[in-house]
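Asker: this one's structure only:
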């Protein structure tokens, strides 16, 4: 019997606000909007403390676009890596989650060094497991990409209702799973409901 993959439903309560120009009126509106966003973020943290969510995290700041030609898995010096800011950002990410008393049961990372380092600096090396299904899909076989995506969706849909799970991965995977982009170090929060995956919120770690 063929597994039925969950359908992606987009409910995006964005927690980032960009204001390009302001006069007195727009400044007041912006203040109200920021207050509302802060309230949404606090509500999201309360939900995360209850468990049952998946935190999709794009690796922290890693300058550049793609890996250099001839890069090798397991050889970090051949890859695009975290900057010092990215390493600091990763630590802040973990500190933020701990400060909010959010329990994390499992942490899975892409095999790429920038993801492993993000996960390790945030959650500790003893918690991190690499998972090929959330590794970078760039340049891979299309059939394998689809198989990986199916595996990730299945794991998310079967996540425990009592704990939270973390997947540290790449922008392209986050786009494929949710239909949304993500900044470096951003958290996209999902939960499974019946046969659907719901995006319930986003948190940007500066």
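Answerer: Happy to help now that I have it. Predicted model, so just to flag it, every value in this text is computed and none were measured. Numbers count the residues shown, from 1 in each chain.

Asker: contacts, neighbours, all on C-alpha from now
Answerer: OK.

Asker: just say helix, strand or coil for the residue nearest to residue 60 when sequence neighbours are not counted.
Answerer: Nearest in space to residue 60, with sequence neighbours left out and distances taken as C-alpha to C-alpha, 6 or more residues apart in numbering, is residue 185 at 4.1 Å. Under DSSP: H, G, I helix; E, B strand; the rest coil, residue 185 falls in the coil class.

Asker: wait, doesn't residue 185 sit right on residue 90?
Answerer: Yes: counting by C-alpha atoms under 8 Å, residue 185 touches residue 90, with 7.2 Å between them.

Asker: who touches both of these two?
Answerer: By the contact definition C-alpha atoms under 8 Å, 6 or more residues apart in numbering, residue 185 and residue 90 are jointly contacted by residue 60.

Asker: and for the helix or strand harbouring residue 108, what's in contact with it?
Answerer: Secondary structure assignment for residue 108, by DSSP states H and E: strand 104-109. Under the criterion C-alpha under 8 Å, 6+ apart, residues 115-116, 119, 123, 127-131, 134-135, 163-169 lie in contact with strand 104-109.

Asker: state the mean pLDDT of it.
Answerer: When pLDDT is averaged over strand 104-109, the result is 95.

Asker: which residues are in contact with the helix or strand following that strand?
Answerer: Scanning forward in sequence from strand 104-109 by DSSP H and E, the next helix or strand is helix 113-123. In this structure, residues lying in contact with helix 113-123 by C-alpha under 8 Å, 6+ apart are 58-60, 62, 73-74, 76, 79-82, 86-87, 90-95, 107-110, 125, 127-128, 130, 168-170.

Asker: could I get the full set of helices for the protein?
Answerer: In the chain, the helices defined using DSSP state H lie at 24-50, 84-99, 113-123, 142-157, 171-178.

Asker: so the fourth one versus helix 171-178, what angle?
Answerer: Direction vectors for helix 142-157 and helix 171-178, defined by axes from the mean of the first three to the mean of the last three C-alpha atoms, to 10 degrees, enclose an angle of 60 degrees.

Asker: helix 142-157 - contacts with which helices or strands?
Answerer: In terms of contacts (3 or more C-alpha pairs under 8 Å, 6 or more residues apart in numbering; DSSP states H and E), helix 142-157 is packed against helix 171-178, strand 187-193, strand 196-203.
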